[in-house]
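1. heads up, no residue letters with this:
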Ligand SMILES: CCCCCCCCCCCCCC(=O)SCCNC(=O)CCNC(=O)[C@H](O)C(C)(C)COP(=O)(O)OP(=O)(O)OC[C@H]1O[C@@H](n2cnc3c(N)ncnc32)[C@H](O)[C@@H]1OP(=O)(O)O
Ligand SMILES: Nc1ncnc2c1ncn2[C@@H]1O[C@H](COP(=O)(O)OP(=O)(O)OP(=O)(O)O)[C@@H](O)[C@H]1O
Ligand SMILES: O=C(O)CCC(=O)C(=O)O
Ligand SMILES: [Fe+2]
Ligand SMILES: [Mg+2]
């Protein structure tokens with residue numbers, strides 16, 4: 001996982017034994033895809049934006065398929081369709097306006113293409129190595145908040161590792177692609193650079209007046225003065241980020257539904273862990289509780305089974321996960 005690169009001496013420009021400064025990389029692997037500058041950026045900040053990575057034609061296909069799902073013209077197996085908490089009890093009408101995100105599209109050929117795009121996997125491999133599993137998939141359709149003023153479209157600051165019962169964290173990466181221009185107005189991603197170097201923090205529901213979406217846990221000891229960086233992205237731009245990086249997204253103040261597609265990838269060489277007795281126990285209980293609703297409480301399923309069942313190999317060999 002760790003490797004050393006010879007950095008030429010800044011003054012002499014040569015590598016001699018006297019001027020040899022080994023550089024340790026912890027969060028990126030040795031290959032020729034990332035420039036040294038990009039590698040250093042990810043090591044330091046825990047995220048990396050690649051401009052214009054996914055072609056418009058692919059994004060259009062994801063959009064078309066999402067609309068078909070919303071209109072109930074297709075019903076992919078295993079898909080979770082989530083409505084915003086502010087409208088979850090309102091009248092049912094199948095339209096994209098009702099859906100805040102879909103998750104687990106591993107059985108939907110059109111959407112899952114995202115997780116197999118060579119241009120995405122090329123970068124993913126820099127973090128996971130050659131055996132790559134798609135662990136969790138989402139298409140987020142952040143609804144406008146302007147109507148209800150409840151700010152329920154916000155995603156509290158969190159670390160994605162809170163949801164994951166596998167390790168090591170450095171071999172996990174999220175790819176998140178903007179499906180349109182995204183800025184602070186429609187609720188872009190917000191990151192706290194460098195927080196991937198810290199540990200996993202306890203997460204719980206934020207105490208928001210307007211309510212909060214199911215399982216949208218956030219970190220509790222939020223430091224107001226910590227520098228937040230708002231990632232303004234164009235259609236097709238993709239950010240890769242570490243699962244310990246603290247991030248969230250702000251309210252959508254526009255009338256449109258802000259769209260992004262994402263996948264969490266992990267090295268197939270990762271291993272599952274037991275989260276009992278850790279800060280992740282609360283999310284495990286919720287996930288297992290929902291699974292019981294679907295499969296019946298008598299059929300005991302644990303978190304590991306749920307993840308193994310949904311995970312898909314996208315490159316290399318399925319070793320552990
Ligand atoms: C399996 C492993 C999962 C891993 C976790 C994710 C990993 C993520 C990793 C990456 C990091 C990702 C970070 C992340 O993204 S974390 C967010 C991840 N969120 C989820 O995974 C939630 C997935 N959603 C669901 O499972 C369903 O949509 C739920 C269970 C929510 C509704 O189910 P269903 O659609 O069948 O609805 P229903 O009509 O039968 O209603 C049932 C009850 O639920 C109420 N309700 C409805 N909508 C919401 C809502 N939005 N907020 C709160 N409550 C809601 C509703 O009022 C009713 O309440 P009551 O009348 O009973 O009181
Ligand atoms: N003071 C805070 N306490 C807790 N969480 C916060 C705080 N400020 C921001 N956040 C979280 O970080 C996310 C991003 O913050 P940001 O300030 O960019 O968005 P916002 O407050 O929703 O919108 P705005 O662009 O109007 O500030 C928010 O959605 C929220 O989840
Ligand atoms: O708002 C988004 O698009 C991303 C939210 C997020 O971080 C997540 O679902 O894990
Ligand atoms: Fe997240
Ligand atoms: Mg704010």
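-> Received it, and whenever you're ready, just let me know what you need. Nothing here was measured: the structure is a model prediction, and the numbers come from that model. Numbers count the residues shown, from 1 in each chain. Ligands and ions are numbered 1, 2, ... in the order given.
2. quick one, what contacts residue 121?
-> 132, 314-315 (Cβ atoms under 8 Å, 6 or more residues apart in numbering). The C-beta positions use only the backbone N, C-alpha and C, and glycine is treated the same way.
3. Repeat that for residue 302.
-> residue 288.
4. ok, now how distant is it from residue 280?
-> For residue 302, the distance to residue 280 equals 13 Å [Cβ to Cβ, to the nearest Å].
5. Check which residues of the strand or helix carrying residue 239 are buried.
-> If you go by DSSP states H and E, residue 239 is part of strand 238-241. Residues of strand 238-241 classed as buried: 238-241 (neighbour count, 16 or more other Cβ atoms under 10 Å).
6. so what does the helix or strand hosting residue 65 touch, helix or strand wise?
-> Of the helices and strands defined by DSSP H and E, residue 65 is found in helix 56-70. Judged by 3 or more Cβ pairs under 8 Å, 6 or more residues apart in numbering; DSSP states H and E, helix 56-70 is in contact with helix 109-116, strand 132-142, strand 258-267.
7. which residues touch the shortest one?
-> Pointing back at helix 109-116 there. In this structure, residues lying in contact with helix 109-116 by Cβ under 8 Å, 6+ apart are 54, 58, 61-62, 64-66, 76, 102, 105-106, 120, 134, 137, 139, 177, 261, 263, 265, 312, 314.
8. and this protein, which residues reach ligand 2?
-> Applying Cβ under 6 Å from any ligand atom, we find that the chain lies next to ligand 2 at 154-157, 184, 190, 222, 224, 230, 248-251.
9. please redo it, this time with the cut-off set to 5 Å
-> 154, 156-157, 184, 190, 222, 248, 250-251 (Cβ under 5 Å from any ligand atom).
10. For the stretch 201-321 of the chain, what lies in contact range of ligand 3?
-> Checking the stretch 201-321 of the chain against ligand 3 by Cβ under 5 Å from any ligand atom, the hits are 249, 260.
11. Tally up the residues packed near the closest residue to ligand 2 within the stretch 1-150 of the chain, please.
-> Here the stretch 1-150 of the chain gets closest to ligand 2 at one residue, residue 145, 8.1 Å apart by Cβ to the nearest ligand atom. Each residue near residue 145 was counted by other Cβ atoms under 10 Å, and the total is 22.
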